[in-house]
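Participant: coords please:
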Amino acid sequence: MPNAPAWPAMRHSKNVTTLRNALIVAILLGAWLYGFTTTRSEIAPLVPNVLPTAHTVVKEGDVFVAYNTSHEIVGYAAAADATGYGGPVYLLVGVDPEGEIAGIQVIEQRETPGFYALLRDNRFVQKFLGRKLDQPLVLGDDIDGVSGASLSANAVATAIWRSVAKIQTETAASASVPVQFGLPEVTLVALFATSLFLPRLRKPRHKHALRWAIMLISLVILGFMYNKPLTIANFASLLAGYWPTWQNHLYWYLVLGGSIGVVLFSGKNMYCHTICPFGTAQDCFARLGDAHPFSASGDSKLTRRLRWVPRWLAVLALAMGLAFRQPGAASYEPFGTLFSLSAGFFPWMLLVIVLFTSMLLLRPFCTYLCPVKPALESALYVRNRVRRLWNTRMSALRQ
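Facilitator: Below is the predicted model of the structure:
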(Lines give C-alpha, C1' and ligand atoms only; values in the text may rest on other atoms or scores of the structure.)
Protein backbone atom coordinates (compact mmCIF):
# COMPACT_ATOMS: atom_id res chain seq x y z
CA MET A 1 0.00 0.00 0.00
CA PRO A 2 1.54 3.33 -0.96
CA ASN A 3 2.43 5.78 1.75
CA ALA A 4 -0.16 8.42 2.63
CA PRO A 5 0.61 11.88 1.23
CA ALA A 6 2.35 14.28 3.58
CA TRP A 7 0.34 17.35 2.56
CA PRO A 8 -2.12 17.22 5.53
CA ALA A 9 0.79 17.46 7.98
CA MET A 10 2.28 20.30 5.93
CA ARG A 11 -1.04 22.14 5.93
CA HIS A 12 -1.36 21.66 9.70
CA SER A 13 2.15 23.06 10.23
CA LYS A 14 1.36 26.05 8.01
CA ASN A 15 -1.86 26.74 9.90
CA VAL A 16 -0.04 26.61 13.24
CA THR A 17 2.56 29.06 11.95
CA THR A 18 -0.13 31.42 10.68
CA LEU A 19 -2.02 31.32 13.98
CA ARG A 20 1.19 31.86 15.94
CA ASN A 21 2.15 34.87 13.85
CA ALA A 22 -1.36 36.30 14.17
CA LEU A 23 -1.17 35.89 17.95
CA ILE A 24 2.16 37.74 18.07
CA VAL A 25 0.78 40.61 15.99
CA ALA A 26 -2.33 40.77 18.21
CA ILE A 27 -0.24 40.87 21.40
CA LEU A 28 2.00 43.67 20.12
CA LEU A 29 -0.91 45.64 18.67
CA GLY A 30 -2.87 45.32 21.92
CA ALA A 31 0.16 46.44 23.94
CA TRP A 32 0.67 49.42 21.62
CA LEU A 33 -2.97 50.49 21.92
CA TYR A 34 -2.89 50.15 25.70
CA GLY A 35 0.22 52.28 25.94
CA PHE A 36 -1.12 54.82 23.48
CA THR A 37 -4.26 55.43 25.54
CA THR A 38 -2.32 56.23 28.72
CA THR A 39 -2.14 59.93 29.55
CA ARG A 40 0.62 62.02 31.01
CA SER A 41 0.54 63.75 34.36
CA GLU A 42 -1.04 67.19 34.76
CA ILE A 43 1.67 69.84 34.48
CA ALA A 44 0.19 72.88 36.24
CA PRO A 45 0.27 71.40 39.79
CA LEU A 46 3.99 70.66 39.30
CA VAL A 47 5.02 74.24 38.46
CA PRO A 48 5.65 75.23 42.13
CA ASN A 49 8.22 72.43 42.27
CA VAL A 50 10.42 74.33 39.79
CA LEU A 51 9.31 77.82 40.85
CA PRO A 52 8.96 77.62 44.65
CA THR A 53 7.45 81.11 45.11
CA ALA A 54 4.61 80.39 42.68
CA HIS A 55 1.12 80.74 44.16
CA THR A 56 -1.04 80.94 41.05
CA VAL A 57 -0.32 79.30 37.72
CA VAL A 58 -1.88 80.39 34.43
CA LYS A 59 -1.33 78.55 31.18
CA GLU A 60 -0.66 80.68 28.11
CA GLY A 61 -0.13 78.50 25.08
CA ASP A 62 2.64 76.02 25.85
CA VAL A 63 3.99 78.15 28.71
CA PHE A 64 2.88 78.30 32.34
CA VAL A 65 3.11 81.76 33.91
CA ALA A 66 3.62 81.72 37.69
CA TYR A 67 2.44 84.51 40.02
CA ASN A 68 3.07 85.09 43.72
CA THR A 69 0.47 86.13 46.31
CA SER A 70 0.84 89.77 45.18
CA HIS A 71 0.07 88.69 41.61
CA GLU A 72 3.60 89.47 40.47
CA ILE A 73 5.22 87.26 37.88
CA VAL A 74 7.83 85.04 39.55
CA GLY A 75 8.73 82.96 36.54
CA TYR A 76 7.75 80.86 33.57
CA ALA A 77 7.66 77.10 33.09
CA ALA A 78 7.38 74.75 30.13
CA ALA A 79 7.58 71.02 29.57
CA ALA A 80 9.19 69.10 26.73
CA ASP A 81 10.55 65.67 26.02
CA ALA A 82 13.34 64.04 24.04
CA THR A 83 14.17 60.44 23.29
CA GLY A 84 17.31 58.84 24.66
CA TYR A 85 18.75 55.40 24.02
CA GLY A 86 15.88 53.46 25.56
CA GLY A 87 12.93 55.85 25.57
CA PRO A 88 11.70 59.40 26.18
CA VAL A 89 12.56 61.73 29.05
CA TYR A 90 9.84 64.28 29.91
CA LEU A 91 10.97 67.36 31.87
CA LEU A 92 9.49 70.53 33.36
CA VAL A 93 11.78 73.57 33.41
CA GLY A 94 11.20 76.75 35.42
CA VAL A 95 12.82 80.08 34.53
CA ASP A 96 12.87 83.16 36.77
CA PRO A 97 12.14 86.71 35.50
CA GLU A 98 15.89 87.34 35.09
CA GLY A 99 16.08 84.57 32.51
CA GLU A 100 17.92 81.97 34.62
CA ILE A 101 16.88 78.33 34.96
CA ALA A 102 15.51 78.11 38.50
CA GLY A 103 14.31 74.52 38.65
CA ILE A 104 14.03 71.28 36.69
CA GLN A 105 11.80 68.31 37.45
CA VAL A 106 11.66 64.97 35.71
CA ILE A 107 7.95 64.36 35.10
CA GLU A 108 8.34 61.00 33.41
CA GLN A 109 11.30 59.04 32.16
CA ARG A 110 11.24 55.81 30.24
CA GLU A 111 14.95 55.56 29.65
CA THR A 112 16.95 52.37 30.21
CA PRO A 113 17.20 52.07 34.03
CA GLY A 114 20.97 51.65 34.09
CA PHE A 115 21.62 54.70 31.94
CA TYR A 116 19.21 56.89 33.89
CA ALA A 117 20.83 55.77 37.14
CA LEU A 118 24.16 57.10 35.84
CA LEU A 119 22.57 60.51 35.20
CA ARG A 120 20.98 60.57 38.62
CA ASP A 121 24.18 59.53 40.41
CA ASN A 122 26.15 62.22 38.57
CA ARG A 123 23.50 64.88 39.37
CA PHE A 124 23.42 65.72 35.68
CA VAL A 125 20.17 67.72 35.74
CA GLN A 126 21.48 70.03 38.48
CA LYS A 127 24.30 71.20 36.18
CA PHE A 128 21.80 73.27 34.19
CA LEU A 129 20.52 75.31 37.14
CA GLY A 130 21.48 78.99 36.96
CA ARG A 131 22.07 78.92 33.20
CA LYS A 132 20.78 81.86 31.17
CA LEU A 133 18.11 81.41 28.52
CA ASP A 134 20.25 83.01 25.83
CA GLN A 135 23.42 81.17 26.83
CA PRO A 136 24.45 78.71 24.10
CA LEU A 137 25.62 75.41 25.52
CA VAL A 138 27.31 72.40 23.95
CA LEU A 139 27.23 69.15 25.84
CA GLY A 140 30.80 68.11 26.58
CA ASP A 141 32.11 71.70 26.32
CA ASP A 142 29.96 73.95 28.51
CA ILE A 143 28.42 71.08 30.46
CA ASP A 144 30.17 67.79 31.16
CA GLY A 145 28.46 64.70 29.82
CA VAL A 146 28.15 61.38 31.61
CA SER A 147 30.46 58.58 30.55
CA GLY A 148 28.51 55.47 29.59
CA ALA A 149 25.23 57.32 29.12
CA SER A 150 25.93 59.89 26.42
CA LEU A 151 22.66 59.37 24.53
CA SER A 152 20.66 59.66 27.75
CA ALA A 153 22.53 62.85 28.68
CA ASN A 154 21.82 64.27 25.23
CA ALA A 155 18.12 63.49 25.67
CA VAL A 156 17.96 65.35 28.98
CA ALA A 157 19.85 68.34 27.55
CA THR A 158 17.62 68.42 24.47
CA ALA A 159 14.43 68.28 26.56
CA ILE A 160 15.68 71.13 28.75
CA TRP A 161 16.50 73.39 25.83
CA ARG A 162 13.25 72.55 24.07
CA SER A 163 11.46 73.74 27.20
CA VAL A 164 13.61 76.86 27.18
CA ALA A 165 12.75 77.45 23.51
CA LYS A 166 9.05 77.31 24.35
CA ILE A 167 9.51 79.90 27.05
CA GLN A 168 11.51 82.14 24.73
CA THR A 169 9.19 82.01 21.76
CA GLU A 170 5.96 80.43 23.04
CA THR A 171 6.16 78.01 20.13
CA ALA A 172 7.25 74.39 19.84
CA ALA A 173 10.14 75.22 17.53
CA SER A 174 13.36 73.59 18.58
CA ALA A 175 16.81 75.01 18.21
CA SER A 176 19.14 73.60 15.56
CA VAL A 177 21.46 70.93 16.83
CA PRO A 178 24.84 70.07 15.29
CA VAL A 179 25.12 66.59 13.81
CA GLN A 180 27.20 64.28 15.98
CA PHE A 181 29.27 61.94 13.83
CA GLY A 182 32.26 60.59 15.69
CA LEU A 183 34.23 57.41 16.28
CA PRO A 184 31.30 55.11 17.16
CA GLU A 185 29.34 56.17 14.07
CA VAL A 186 32.36 55.82 11.78
CA THR A 187 33.17 52.43 13.29
CA LEU A 188 29.63 51.15 12.90
CA VAL A 189 29.36 52.18 9.25
CA ALA A 190 32.74 50.57 8.51
CA LEU A 191 31.75 47.34 10.27
CA PHE A 192 28.47 47.07 8.37
CA ALA A 193 30.23 47.70 5.04
CA THR A 194 32.94 45.15 5.81
CA SER A 195 30.41 42.54 6.96
CA LEU A 196 28.70 42.75 3.56
CA PHE A 197 32.03 41.96 1.93
CA LEU A 198 32.67 38.99 4.24
CA PRO A 199 30.49 36.37 2.44
CA ARG A 200 32.28 37.14 -0.84
CA LEU A 201 35.58 35.79 0.43
CA ARG A 202 36.24 32.30 -0.91
CA LYS A 203 39.02 31.08 1.34
CA PRO A 204 37.75 30.04 4.79
CA ARG A 205 41.01 31.19 6.37
CA HIS A 206 40.57 34.74 5.09
CA LYS A 207 36.88 34.78 6.02
CA HIS A 208 37.68 33.56 9.55
CA ALA A 209 40.40 36.18 10.03
CA LEU A 210 38.24 39.07 8.76
CA ARG A 211 35.29 38.00 10.89
CA TRP A 212 37.39 37.99 14.04
CA ALA A 213 38.84 41.38 13.14
CA ILE A 214 35.31 42.82 12.83
CA MET A 215 34.24 41.17 16.07
CA LEU A 216 37.19 42.40 18.13
CA ILE A 217 36.90 45.97 16.83
CA SER A 218 33.22 45.94 17.75
CA LEU A 219 33.96 44.48 21.20
CA VAL A 220 36.51 47.19 22.01
CA ILE A 221 34.88 50.29 20.46
CA LEU A 222 31.13 49.62 20.42
CA GLY A 223 31.31 47.57 23.59
CA PHE A 224 33.81 48.66 26.20
CA MET A 225 34.58 52.16 24.93
CA TYR A 226 31.05 53.40 24.18
CA ASN A 227 28.65 50.70 25.47
CA LYS A 228 26.39 50.99 22.42
CA PRO A 229 25.18 47.54 21.38
CA LEU A 230 21.85 46.98 19.64
CA THR A 231 19.18 46.05 22.21
CA ILE A 232 15.50 45.17 22.19
CA ALA A 233 14.88 48.65 23.61
CA ASN A 234 15.82 50.08 20.19
CA PHE A 235 13.06 48.06 18.55
CA ALA A 236 10.58 48.99 21.29
CA SER A 237 11.38 52.69 20.78
CA LEU A 238 10.88 52.27 17.03
CA LEU A 239 7.47 50.63 17.43
CA ALA A 240 6.36 53.05 20.14
CA GLY A 241 7.17 56.05 17.93
CA TYR A 242 9.91 57.37 20.22
CA TRP A 243 12.31 58.42 17.50
CA PRO A 244 15.09 60.68 18.80
CA THR A 245 16.40 63.69 16.92
CA TRP A 246 18.76 62.36 14.31
CA GLN A 247 21.35 65.12 14.71
CA ASN A 248 22.52 64.05 18.17
CA HIS A 249 21.31 60.45 18.00
CA LEU A 250 22.66 59.46 14.62
CA TYR A 251 24.12 56.27 16.09
CA TRP A 252 20.61 55.12 17.12
CA TYR A 253 19.48 55.30 13.50
CA LEU A 254 22.66 53.72 12.15
CA VAL A 255 22.67 50.69 14.44
CA LEU A 256 18.94 50.01 14.05
CA GLY A 257 18.57 50.95 10.40
CA GLY A 258 21.88 49.36 9.46
CA SER A 259 21.05 46.03 11.11
CA ILE A 260 17.63 45.84 9.48
CA GLY A 261 18.94 47.23 6.19
CA VAL A 262 21.67 44.61 5.91
CA VAL A 263 19.12 41.86 6.56
CA LEU A 264 16.80 43.22 3.85
CA PHE A 265 19.65 43.77 1.38
CA SER A 266 21.70 40.60 1.83
CA GLY A 267 19.25 38.18 3.40
CA LYS A 268 21.72 37.56 6.24
CA ASN A 269 21.72 38.65 9.88
CA MET A 270 25.26 40.03 9.87
CA TYR A 271 24.85 42.04 13.07
CA CYS A 272 24.23 39.04 15.33
CA HIS A 273 26.68 36.82 13.48
CA THR A 274 29.58 39.23 13.23
CA ILE A 275 29.12 42.71 14.73
CA CYS A 276 27.39 42.18 18.08
CA PRO A 277 30.01 42.92 20.79
CA PHE A 278 28.33 40.66 23.33
CA GLY A 279 28.39 37.79 20.86
CA THR A 280 32.12 38.36 20.52
CA ALA A 281 32.51 38.25 24.31
CA GLN A 282 30.81 34.84 24.35
CA ASP A 283 33.08 33.60 21.55
CA CYS A 284 36.13 34.73 23.51
CA PHE A 285 35.01 32.72 26.52
CA ALA A 286 34.31 29.77 24.22
CA ARG A 287 38.00 29.81 23.32
CA LEU A 288 38.87 29.44 26.99
CA GLY A 289 36.87 26.23 27.25
CA ASP A 290 35.70 23.52 24.89
CA ALA A 291 32.40 24.96 23.71
CA HIS A 292 30.19 23.12 21.26
CA PRO A 293 26.72 23.73 19.84
CA PHE A 294 23.89 22.25 21.87
CA SER A 295 22.68 18.90 20.55
CA ALA A 296 19.22 17.58 21.40
CA SER A 297 20.26 14.03 20.36
CA GLY A 298 17.97 13.96 17.35
CA ASP A 299 14.95 15.36 19.18
CA SER A 300 13.70 17.78 16.54
CA LYS A 301 10.66 18.81 18.64
CA LEU A 302 12.87 19.89 21.54
CA THR A 303 15.10 21.83 19.15
CA ARG A 304 12.11 23.67 17.69
CA ARG A 305 10.75 24.47 21.14
CA LEU A 306 14.09 25.83 22.29
CA ARG A 307 14.24 28.07 19.23
CA TRP A 308 10.93 29.61 20.21
CA VAL A 309 12.11 30.57 23.70
CA PRO A 310 13.97 33.75 22.60
CA ARG A 311 11.16 34.58 20.19
CA TRP A 312 8.54 34.60 22.91
CA LEU A 313 10.92 36.47 25.20
CA ALA A 314 11.28 39.11 22.48
CA VAL A 315 7.49 39.36 22.12
CA LEU A 316 7.08 39.69 25.89
CA ALA A 317 9.81 42.34 26.13
CA LEU A 318 8.35 44.36 23.26
CA ALA A 319 4.83 44.07 24.68
CA MET A 320 5.98 45.37 28.06
CA GLY A 321 7.88 48.24 26.47
CA LEU A 322 4.88 49.23 24.35
CA ALA A 323 2.24 48.80 27.05
CA PHE A 324 4.08 50.85 29.67
CA ARG A 325 5.59 53.24 27.12
CA GLN A 326 9.01 52.49 28.61
CA PRO A 327 11.16 50.90 25.90
CA GLY A 328 14.18 50.78 28.20
CA ALA A 329 12.34 48.47 30.60
CA ALA A 330 12.05 45.92 27.80
CA SER A 331 15.79 45.41 27.74
CA TYR A 332 16.90 42.52 29.93
CA GLU A 333 20.12 41.80 28.08
CA PRO A 334 23.30 41.81 30.21
CA PHE A 335 25.17 43.91 27.64
CA GLY A 336 25.37 47.03 29.77
CA THR A 337 26.48 45.01 32.80
CA LEU A 338 29.52 43.72 30.95
CA PHE A 339 30.52 46.90 29.14
CA SER A 340 29.86 49.40 31.92
CA LEU A 341 30.75 47.02 34.77
CA SER A 342 27.87 48.54 36.71
CA ALA A 343 24.59 46.81 37.59
CA GLY A 344 22.56 45.24 40.36
CA PHE A 345 22.81 41.73 41.76
CA PHE A 346 20.55 39.91 39.29
CA PRO A 347 22.13 41.39 36.10
CA TRP A 348 25.54 40.41 37.46
CA MET A 349 24.30 36.88 38.19
CA LEU A 350 22.87 36.54 34.67
CA LEU A 351 26.14 37.79 33.17
CA VAL A 352 28.25 35.35 35.20
CA ILE A 353 26.00 32.43 34.27
CA VAL A 354 26.07 33.35 30.57
CA LEU A 355 29.85 33.79 30.40
CA PHE A 356 30.50 30.56 32.32
CA THR A 357 28.07 28.65 30.08
CA SER A 358 29.83 30.14 27.04
CA MET A 359 32.84 27.97 27.85
CA LEU A 360 30.62 24.90 27.39
CA LEU A 361 28.08 25.94 24.74
CA LEU A 362 28.59 28.22 21.75
CA ARG A 363 26.84 31.58 22.26
CA PRO A 364 24.22 30.37 24.76
CA PHE A 365 22.65 33.79 25.27
CA CYS A 366 22.45 34.51 21.54
CA THR A 367 20.88 31.11 20.87
CA TYR A 368 18.39 30.70 23.70
CA LEU A 369 17.75 34.08 25.36
CA CYS A 370 18.63 37.09 23.19
CA PRO A 371 15.58 38.99 21.88
CA VAL A 372 17.53 40.95 19.24
CA LYS A 373 18.12 37.95 16.98
CA PRO A 374 14.38 37.09 16.71
CA ALA A 375 13.60 40.75 16.06
CA LEU A 376 16.00 40.81 13.11
CA GLU A 377 14.82 37.38 11.97
CA SER A 378 11.30 38.79 11.74
CA ALA A 379 12.62 41.32 9.20
CA LEU A 380 14.25 38.42 7.34
CA TYR A 381 10.95 36.51 7.40
CA VAL A 382 9.08 39.49 5.93
CA ARG A 383 11.77 39.93 3.28
CA ASN A 384 11.62 36.29 2.17
CA ARG A 385 7.83 36.28 2.28
CA VAL A 386 7.59 39.35 0.06
CA ARG A 387 10.13 37.89 -2.38
CA ARG A 388 8.18 34.63 -2.65
CA LEU A 389 4.94 36.50 -3.28
CA TRP A 390 6.65 38.70 -5.86
CA ASN A 391 8.20 35.72 -7.67
CA THR A 392 4.86 33.91 -7.67
CA ARG A 393 3.18 36.98 -9.10
CA MET A 394 5.81 37.39 -11.80
CA SER A 395 5.57 33.71 -12.76
CA ALA A 396 1.81 34.00 -13.10
CA LEU A 397 2.14 37.08 -15.32
CA ARG A 398 4.63 35.31 -17.60
CA GLN A 399 2.20 32.46 -18.13
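
Participant: switch to C-alpha atoms for all contacts and neighbour counts from now on
Facilitator: Fine.

Participant: what are the ranges of the strands in the stretch 1-150 of the chain?
Facilitator: 56-60, 63-67, 73-83, 88-95, 101-109 (DSSP state E, counting those that start in this stretch).

Participant: for these, which one sits closest to Thr187?
Facilitator: When the strands of the stretch 1-150 of the chain are compared by Cα to Cα, strand 73-83 sits nearest Thr187, at 22.9 Å.

Participant: could you spell out the sheet neighbours of that closest one, each with its direction?
Facilitator: strand 63-67 (antiparallel), strand 88-95 (antiparallel) (DSSP bridges).

Participant: would you mind finding the most buried of those?
Facilitator: The highest average neighbour count among the strands paired with strand 73-83, using mean count of other Cα atoms under 10 Å, belongs to strand 88-95 at a mean of 26.

Participant: please state the offset of that one from the chain centre?
Facilitator: 22 Å (Cα atoms, centre = their mean, to the nearest Å).

Participant: returning to that earlier point: could the strands of the stretch 1-150 of the chain go into TSV alongside distance to Ser340 and mean pLDDT?
Facilitator: Below are the strands of the stretch 1-150 of the chain laid out as TSV (distance: least, Cα to Cα, whole Å; pLDDT from 0 to 100):
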stretch	distance to Ser340	mean pLDDT
strand 56-60	43	83
strand 63-67	39	88
strand 73-83	21	86
strand 88-95	21	86
strand 101-109	21	85
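
Participant: between those, which one is nearest to Gly261?
Facilitator: That would be strand 73-83 among these, by Cα to Cα, at 22.1 Å.

Participant: save the strands of the stretch 1-150 of the chain as CSV, and put in distance to Val263 too.
Facilitator: CSV is the format used below for these (distance: least, Cα to Cα, whole Å):
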stretch, distance to Val263
strand 56-60, 49
strand 63-67, 45
strand 73-83, 25
strand 88-95, 27
strand 101-109, 32
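
Participant: out of those, which gets nearest to Asp283?
Facilitator: With Cα to Cα as the measure, strand 73-83 is the member of the strands of the stretch 1-150 of the chain nearest Asp283 (32.9 Å).

Participant: what's the angle between that closest one and strand 56-60?
Facilitator: 60 degrees (axes from the mean of the first three to the mean of the last three Cα atoms, to 10 degrees).

Participant: give me the contact list for strand 73-83.
Facilitator: Identification of contacts with strand 73-83 by Cα atoms under 8 Å, 6 or more residues apart in numbering yields 43, 47, 50-51, 53-54, 62-68, 88-97, 152, 155-156, 158-160, 162-164, 166-167, 242-245.

Participant: swap in stretch 346-365?
Facilitator: 279, 282-283, 285-294, 334, 337-338.

Participant: buried members of those into PyMOL, please.
Facilitator: Selection command for PyMOL covering only the buried members of the contacts of stretch 346-365, criterion 16 or more other Cα atoms under 10 Å:
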select buried, resi 279+282+283+285+286+291+334+337+338
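
Participant: wait, which of the strands of the stretch 1-150 of the chain is closest to Leu23?
Facilitator: Across these, closest to Leu23 is strand 88-95 (Cα to Cα), at 28.0 Å.

Participant: and that closest one with strand 101-109, angle?
Facilitator: 160 degrees.

Participant: low-confidence ranges, the stretch 251-399 of the chain, go.
Facilitator: By pLDDT under 70, the low-scoring segments of the stretch 251-399 of the chain are 295-300, 329.

Participant: strands along that one, start to end?
Facilitator: Using DSSP E, counting those that start in this stretch, strands in the stretch 251-399 of the chain do not occur.

Participant: what sits closest to Leu322 if chain neighbours are left out?
Facilitator: Computed as Cα to Cα, 6 or more residues apart in numbering, the closest residue to Leu322 that is not its neighbour in sequence is Trp32, at 5.0 Å.
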